[in-house]
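> 3D model of this:
(2 chains)
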Amino acid sequence: MIAEFGLAALWLAAALALLQLLLALGIGGEAGLRAARPLAVVQGGLTLIAFAALIVLFLRTDLSVALVAANSHSAKPWIYKFAGAWGNHEGSMLLWVTVLALSGAALALLERRVGEKMLVASLGAQAALGLGFYAFLLLASNPFARLDPAPAEGRGLNPLLQDPGLAFHPPTLYFGYVGLSVAFSLAVGAMLTRHVDAALARAMRPWVLASWIFLTLGITAGSYWAYYELGWGGWWFWDPVENASLMPWLAATALFHSVNVLAARGGLKSWTMMLAVVAFSMSMVGTFLVRSGILTSVHAFAVDPQRGTFILALLAIYVGAALVLFAARAATIREGAPFDPVSREGALVANNLLLSVILGIVFVGTLYPIIAEALSGEKLSVGPPYFNAVAGPLALLLAALLFVGPVLRWRRDRRPLAKWVLPAVLTAAIVLAITLAFVPRMSILSRLGLAFGIALLPASIAPLFGRSLKRTPLAVWGMVLAHLGVGVALIGMASESAFTREKLAVASPGDKLNVGPWLVELAGVAPVAGPNWTAIEGHLRASRGSGAQTLRPQARVFTSPYTETSEAAILTTWNGQLYAVIGKQRDDGWQLRLWWEPVVTLIWLGGALIALGGLIALVGRLWRERRWGKEAMQ
Amino acid sequence: MKPKHQRLLLAGLAIVAVLAAVLLAMWGLKDRAAYFFTPVEIAIGKAEQGRPIRLGGMVEQGSLREEGDGVTVRFIVTDGEARIPVRYTGITPDLFREGSGVVAEGRMQGKTFVADEILAKHDERYMPPQLGNQAAEHAVEKTLDR
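Take a look at the predicted model:
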């Protein structure tokens, strides 16, 4: 019953989306326009019901549902039954559609800043997006399909996904991906009704910022998950699925910088509209890459060419229609006030251009192997050597832009800028000299990354100088914190590999190994068992100077489906992480691999700071607007 | 500067940026796209000595040898046409065994491929896409049989 109930809710939501689109097109006249808002809200509620139904089916391990039988198992801990609802193709697409409909509902409920006509047009665009993905879900990826007869036991969830990360990483990323649909719909609505102005930018800004915060968190969490789960301490692999999340992030980063120019100065109108279209297009490209089965990875659950074609067709229709609309309206959009090259606007334009070029490079590098194979059958892969060498220097330029951009004034800045730039450049030069003298084995890109990252720490605080801290708006604090986070993350990314110490040996109980400042003793090895796995577990006692701490790395064997995984043990201290993996048994002991990673935590700390900065800016903006709104009412 | 001129300038800049991205990408892809090699490509000398590359193929049955230190393994990667000896020091990933597909990251040193990393494969259904679908289908069948 529950499965049918969920399916019915989904069909009903699709029908409402169709109605919402028709009303937005003016079929129902004035009354119809007024009905658009409540329709969007009800639609959001219905998808939520369908999603809840799927979760109940997974929690109960209802094996008469094909999806549950294929991806779940009664012996799984409940948290993985719950999160396992989206650990598969159909469930994750249902989550996608649910977030899409909820975004539409939130837009309908909360948005009061733009005119009613434009909002209805935007809701129409949102409904059009929804329709395509409802069709995809109902026709090509039905999560509620029954299986007759029901099997006695499910096939289980990929053990690498049986991790708390599954409960957090996909929903966070999806809120980011799909939240960008609101920016897309608002841009389409504004272009249709010819209302591209500062009010639109102020309406769009919180949505972009919120999506971007979720994307930042999702990417950071995914990176940390890969780092501890894959068992060899890498944190970014330039894997196509990672790029699929990086591309919308790059576009969203550019977008919320340019939307600020539009909100504050009325400039960069067409450019901002273009970016809003590109940002959500990148979300759809990401979905296509990850969900079409064109890539083989932990994220691609099934190989079915029909699905790939379906998503590709949706992508072509939506992006094509939005670009045609843009081409038709771009000439009629009036530009805002002019500005000098040396100004806040100028720096933000440079930021946008650099981000766009990086986005283009990642895009080409990610899609090139797929297109090359389709055209010539040639199989090739583009990896870190390409991305690091081509995108790396541009990312450094972007970091250098942060030395000066945030302190510039709007419109024109005739002040001598040396006061701002010199300290940062000097810091960078000193750090560079130190690394050249003391760290012999480091690539030039890493050296520059470390130097720029450290120079960014003081430079990012510079916008606070000469301000009364009490009267500084929260948005500025958020910006400062986020830019500080960029510096922190850059330090970690650039220098992680240069400072990492590694030890690989065969050890028997009682043996002691040195890695970096640590002395690690293998105290013993014992078998342990979990709810659906067995493992051998090493007991390691690690100490540096005084006080020993215990690490327990495991080599696990899952029974359903049969898989071996290694669970790294990680000891986090204030200045880094000790990372231990246990391997196979040899004649004279156990394989042990230890890493001392002194700066690696900075990468995720930086990511968290960036997201927190975004959150503070968002709260600041919303709070200010509310206060202004109240004052205006009085 | 008039708004109209500024707008033209910005549009020009945007076009230049897109062109720059494409040109940079082409330049980068020209000598870095060939990152993944099959044994036969290495055998005919396509891979430069010492350049970081990926090698993908099957671990030949009966070729896996362990060295005395307990953490170094030697094996042969084959694609049915050529055989490349590989040396790897480290803990082999969970699903690494004879007769299974493998992707190794490293460089050619003489006739031997020295691997820095044997790529962690995500599950037993995983097959490097470059190895073609035949093997992947076989792996899926095996999973279903169980």
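
> measure the residue lying closest to residue A:350 once chain neighbours are set aside to residue A:351 for me?
For residue A:350, ignoring the flanking residues on the chain, the nearest one in space by CB to CB, 6 or more residues apart in numbering or on different chains is residue A:401 at 5.7 Å. Every residue, glycine included, has its C-beta placed from N, CA and C. Using CB to CB, to the nearest Å, residue A:401 is found at 6 Å from residue A:351.

> which one of the two is surrounded by more residues?
residue A:351 (18 against 15; other CB atoms under 10 Å in any protein chain shown).

> other SSEs contacting the helix or strand hosting the more buried one?
Counting by DSSP states H and E, the element that carries residue A:351 is helix A:344-376. Identification of packing neighbours for helix A:344-376 by 3 or more CB pairs under 8 Å, 6 or more residues apart in numbering or on different chains; DSSP states H and E yields helix A:240-265, helix A:269-291, helix A:384-401, helix B:3-32.

> and the third one with helix A:344-376, angle?
The one in question is helix A:384-401. 170 degrees (axes from the mean of the first three to the mean of the last three CA atoms, to 10 degrees).

> what lies in contact with the helix or strand just after helix A:384-401?
Moving toward the C-terminus from helix A:384-401, the next helix or strand (DSSP H and E) is helix A:418-438. Outside helix A:418-438, the residues that touch it by CB atoms under 8 Å, 6 or more residues apart in numbering or on different chains are A:403-404, A:407, A:442, A:447-448, A:450-452, A:454-456, A:458-459, A:462.

> and the residues you listed, which are buried?
A:403-404, A:407, A:442, A:447-448, A:450-452, A:454-456, A:459, A:462 (16 or more other CB atoms under 10 Å in any protein chain shown).

> tell me how far residue A:148 lies from residue A:63.
For residue A:148 relative to residue A:63 (CB to CB), the value is 11 Å.

> SS state for the residue positioned nearest the centre of chain B?
Residue closest to the average C-alpha location in chain B (CA atoms, centre = their mean): residue B:54, at 3.3 Å. Under DSSP: H, G, I helix; E, B strand; the rest coil, the three-state class of residue B:54 is strand.

> distance of it relative to residue A:581?
From residue B:54 over to residue A:581 the distance is 22 Å, taken as CB to CB.

> for chain A, what's the nearest residue on chain B?
residue B:21 (2.7 Å; CB to the nearest CB).

> isn't that residue up against residue A:364?
Yes: with contact defined as CB atoms under 8 Å, residue B:21 counts as touching residue A:364 (7.2 Å).

> which one of those two is surrounded by more residues?
Using other CB under 10 Å as the criterion, residue B:21 and residue A:364 rank with residue B:21 on top: 23 against 20.

> let me see the contact set for the closest residue to that one other than its chain neighbours.
Using CB to CB, 6+ apart and skipping the chain neighbours, the partner closest in space to residue B:21 is residue A:360 (2.7 Å). Taking CB under 8 Å, 6+ apart, we find residue A:360 in contact with B:17, B:18, B:21, B:22, B:25.

> could I get stretch B:47-66 in PDB with only the CA atoms?
Taking Å, rounded to 0.1, in the frame of the first residue of the first chain, the C-alpha atoms of stretch B:47-66 are listed here in PDB:
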ATOM      1  CA  ALA B  47      54.300   6.100 -23.000                       C
ATOM      2  CA  GLU B  48      57.300   8.200 -22.300                       C
ATOM      3  CA  GLN B  49      59.700   7.000 -19.600                       C
ATOM      4  CA  GLY B  50      59.100   8.600 -16.200                       C
ATOM      5  CA  ARG B  51      55.900  10.500 -17.000                       C
ATOM      6  CA  PRO B  52      53.000  10.000 -14.600                       C
ATOM      7  CA  ILE B  53      50.400   7.800 -16.300                       C
ATOM      8  CA  ARG B  54      47.800   5.300 -15.500                       C
ATOM      9  CA  LEU B  55      48.000   1.700 -16.700                       C
ATOM     10  CA  GLY B  56      44.800  -0.400 -16.900                       C
ATOM     11  CA  GLY B  57      44.300  -4.100 -17.700                       C
ATOM     12  CA  MET B  58      43.900  -7.500 -16.100                       C
ATOM     13  CA  VAL B  59      46.200  -9.000 -13.500                       C
ATOM     14  CA  GLU B  60      47.500 -12.000 -15.300                       C
ATOM     15  CA  GLN B  61      46.700 -15.400 -13.600                       C
ATOM     16  CA  GLY B  62      49.700 -16.800 -11.800                       C
ATOM     17  CA  SER B  63      51.800 -13.700 -12.200                       C
ATOM     18  CA  LEU B  64      51.500 -12.300  -8.600                       C
ATOM     19  CA  ARG B  65      54.700 -12.500  -6.600                       C
ATOM     20  CA  GLU B  66      55.500 -11.100  -3.200                       C
END
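
> identify each buried residue in that stretch, please.
Quick answer for stretch B:47-66 (16+ other CB under 10 Å): B:47, B:53, B:54, B:55, B:56, B:57, B:58, B:59, B:60, B:63, B:64.

> go on, stretch A:545-560?
Neighbour-count burial for stretch A:545-560 [16+ other CB under 10 Å]: A:551, A:553, A:554, A:555, A:556, A:557, A:558, A:560.

> remind me, longest strand of chain B?
strand B:101-109 (DSSP state E).

> quick check: mean pLDDT of it?
What strand B:101-109 shows for mean pLDDT is 86.

> and the direction of that strand versus that of helix A:384-401, what angle?
80 degrees.

> strand B:101-109 packs against which elements?
Checked by 3+ CB pairs under 8 Å, 6+ apart, strand B:101-109 has strand B:53-59, strand B:83-89, strand B:112-118 packed alongside it.

> okay, now the unreliable bits of chain B?
Chain B contains residues with pLDDT under 70 at B:1-3, B:33-34, B:94-95, B:120-146.

> and stretch A:492-506, how far from the chain's centre?
Relative to its chain's centre, stretch A:492-506 lies at 26 Å (CA atoms, centre = their mean, to the nearest Å).

> for that stretch, buried residues please.
Per 16+ other CB under 10 Å, stretch A:492-506 contains these buried residues: A:492-501, A:503-506.

> what about it, near chain B?
Yes: contact between stretch A:492-506 and chain B is present through A:504, A:505, A:506 (criterion: CB under 8 Å from any CB of the partner chain).

> more crowded one of residue A:148 and residue A:63?
Using other CB under 10 Å as the criterion, residue A:148 and residue A:63 rank with residue A:63 on top: 21 against 6.

> the more buried one in helix, strand or coil?
Quick answer, by three-state DSSP: residue A:63 is coil.

> roughly how far apart are it and chain B?
In this view, residue A:63 and chain B are 17 Å apart by CB to the nearest CB, to the nearest Å.

> I'd say that residue and residue A:147 touch.
Yes: with contact defined as CB under 8 Å, residue A:63 reaches residue A:147; the gap is 7.3 Å.

> shared neighbours of those two, which are they?
In contact with both residue A:63 and residue A:147: residue A:69, using CB under 8 Å, 6+ apart.

> now, which of the buried residues of stretch A:545-560 lie close to chain B?
Within those, those near chain B by CB under 8 Å from any CB are residue A:555.

> got a list of what residue A:99 touches?
By CB under 8 Å, 6+ apart, the neighbours of residue A:99 are A:171, A:174, A:175, A:177, A:178, A:179.

> now, which of those sits nearest residue B:31?
Closest approach to residue B:31 among the contacts of residue A:99 (CB to CB): residue A:177, at 33.5 Å.
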